[in-house]
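how would this look folded up:
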Amino acid sequence: TVNFDGVNSTITMKFKKGPGIASEELTESQKAVLDSRNTNAFVNVGATYFFAEGVLTDGNFFDRKHNIDWLTNYINSEVADLMFNSPKVEHADTGYAKAEQRLRKALDQARRNGMAAPGTTSDGEFLPTGYKIIVTPESQVPSADKTSRDYRGLSFVILGAGALHGMEISGTYEV
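Residues are numbered from 1 along each chain as shown. As a prediction, the model looks like this:
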């Protein structure tokens, strides 16, 4: 399980042990076939049995989906709490700021628990916190949205921290 409220608490499925789960002996070519079909297996390396690779059938890593589901729920819960426990959230910059504060709380927790990390977006923008929030000011909100009491101007970009599943280390030995 993952304690998403913790610090550096998110996990990857690869390398996890499965007490009570039997493994099958696989050849490298059999394992390659499983990998090509996005199928996971318990493998034995030395005397250690562990889960590999940790992917879903679409090829995405399980922890990515798990983290996104958690973050979606956290944001929805924070915004619902704001709406339910406020007399009114103003359809104005002050109300948008209240929603932004709740979104920032969720994204900060995603950074603390290891889901997000500083980095550069695909557009080349460096995000030191691993995320950015975009708030459309009230002056740019369409009047139809104001009339219907909807606000579509709060969004974010978050950079997933990912996980290492392997590495190659090079070196030289000189005498």
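
Please count neighbours and contacts with C-alpha atoms only from this point.
Fine.

Quick check: buried residues in the lengthiest helix in the chain?
In terms of residue count, the longest helix belonging to the chain (DSSP state H) is helix 62-84. Buried residues in helix 62-84, counted by 16 or more other CA atoms under 10 Å: 62-64, 67, 71, 74-75, 78-79, 82.

for that helix, packing partners?
Contact analysis of helix 62-84 by 3 or more CA pairs under 8 Å, 6 or more residues apart in numbering; DSSP states H and E lists helix 93-112 as its packing neighbours.

just checking, what packs against the helix or strand following the helix it packs on?
Next helix or strand after helix 93-112 toward the C-terminus (DSSP states H and E): strand 119-120. If contacts are counted by 3+ CA pairs under 8 Å, 6+ apart, strand 119-120 sits against strand 126-127.

who does the following helix or strand past the strand it packs on pair up with?
Later in the chain than strand 126-127, the nearest helix or strand by DSSP H and E is strand 131-135. Using DSSP bridges, the strands paired with strand 131-135 in its sheet are strand 154-158 (antiparallel).

Convert the partner strand to CSV, retaining C-alpha atoms only.
Only the C-alpha atoms of strand 154-158 are listed here, as CSV (Å, rounded to 0.1, in the frame of the first residue of the first chain):
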residue,chain,number,x,y,z
LEU,A,154,-8.0,26.7,-13.3
SER,A,155,-5.5,24.2,-14.6
PHE,A,156,-2.1,22.8,-13.8
VAL,A,157,1.0,21.1,-15.2
ILE,A,158,2.7,18.5,-13.1
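
next one: it to chain centre, how far?
Averaging C-alpha positions (CA atoms, centre = their mean, to the nearest Å) puts strand 154-158 13 Å from its chain's average.

How about stretch 125-145?
Counting by CA atoms, centre = their mean, stretch 125-145 comes out at 20 Å from the chain centroid.

likewise stretch 131-150?
Distance, centroid of stretch 131-150 to centroid of chain: 26 Å (CA atoms, centre = their mean).

then it to PDB, C-alphas only?
Output of stretch 131-150 as PDB, limited to C-alpha atoms (Å, rounded to 0.1, in the frame of the first residue of the first chain):
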ATOM      1  CA  TYR A 131       4.300  21.900 -11.100                       C
ATOM      2  CA  LYS A 132       2.700  25.100 -12.100                       C
ATOM      3  CA  ILE A 133      -0.800  26.400 -11.700                       C
ATOM      4  CA  ILE A 134      -2.600  28.600 -14.300                       C
ATOM      5  CA  VAL A 135      -5.500  30.800 -13.100                       C
ATOM      6  CA  THR A 136      -7.600  32.700 -15.700                       C
ATOM      7  CA  PRO A 137      -8.500  36.000 -14.100                       C
ATOM      8  CA  GLU A 138     -12.200  37.000 -13.800                       C
ATOM      9  CA  SER A 139     -11.800  39.700 -16.500                       C
ATOM     10  CA  GLN A 140     -11.100  36.900 -19.100                       C
ATOM     11  CA  VAL A 141     -13.900  34.500 -18.100                       C
ATOM     12  CA  PRO A 142     -16.600  34.300 -20.700                       C
ATOM     13  CA  SER A 143     -19.900  35.800 -19.600                       C
ATOM     14  CA  ALA A 144     -21.700  32.500 -20.500                       C
ATOM     15  CA  ASP A 145     -19.600  30.800 -17.800                       C
ATOM     16  CA  LYS A 146     -20.500  33.400 -15.300                       C
ATOM     17  CA  THR A 147     -24.100  33.100 -16.200                       C
ATOM     18  CA  SER A 148     -24.000  29.300 -15.800                       C
ATOM     19  CA  ARG A 149     -21.900  29.600 -12.700                       C
ATOM     20  CA  ASP A 150     -19.100  27.500 -14.200                       C
END
